[in-house]
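Undergrad: Make a model of this:
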Amino acid sequence: MIGGLLSVFVFGWFYHTATQLRVNPFQWAIGALIVFYLVRYGWTYALLKPLMGTHFTNHSMATGVVIEISGALLGVAAAAWFRSAVLLKQHAQTA
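TA: Predicted coordinates for the structure are as follows:
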């Protein structure tokens, strides 16, 4: 749930930025969502699931919330890095 809400925020943030810069907003927004979900699911399923073992599926509600929030926040951080390190630099070079 939290990850879904943050993905909508990321989509809107990138769409708005691209519109202001007069570039294709869907390319920016879709690229941001790809980065967001790759990092989020990579963190959750490639790192936490093997580390936690059976506790990954049998855990407390608090642990589930921490797993959800940590993956979503890492996804937002990766999207922010992608925006500044890749998209804005690429736009500055072409402008």
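
Undergrad: so how many other residues sit close to G4?
TA: By the measure other CB atoms under 10 Å, the count of residues near G4 is 10. C-beta coordinates here come from the backbone N, C-alpha and C atoms, glycine included.

Undergrad: gap between it and A46?
TA: Per CB to CB, to the nearest Å, G4 is found 20 Å from A46.

Undergrad: Could you do V8 as well?
TA: Applying CB to CB to V8 and A46 gives a distance of 24 Å.

Undergrad: now the helices: where do they sit in the chain?
TA: All helices of the chain, identified by DSSP state H, fall at 2-21, 25-41, 49-52, 61-82, 88-94.

Undergrad: could I get these as TSV with mean pLDDT?
TA: Formatted as TSV, these follow (pLDDT from 0 to 100):
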stretch	mean pLDDT
helix 2-21	93
helix 25-41	94
helix 49-52	84
helix 61-82	91
helix 88-94	82
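
Undergrad: looking at the ones you listed, which is buried most?
TA: Mean neighbours per residue, mean count of other CB atoms under 10 Å, is largest over the helices of the chain for helix 25-41, with a mean of 18.

Undergrad: and it, how far from the chain's centre?
TA: Relative to the centre of its chain, helix 25-41 is centred 6 Å away, using CA atoms, centre = their mean, to the nearest Å.

Undergrad: now that helix and helix 2-21, what's the angle there?
TA: 150 degrees (axes from the mean of the first three to the mean of the last three CA atoms, to 10 degrees).
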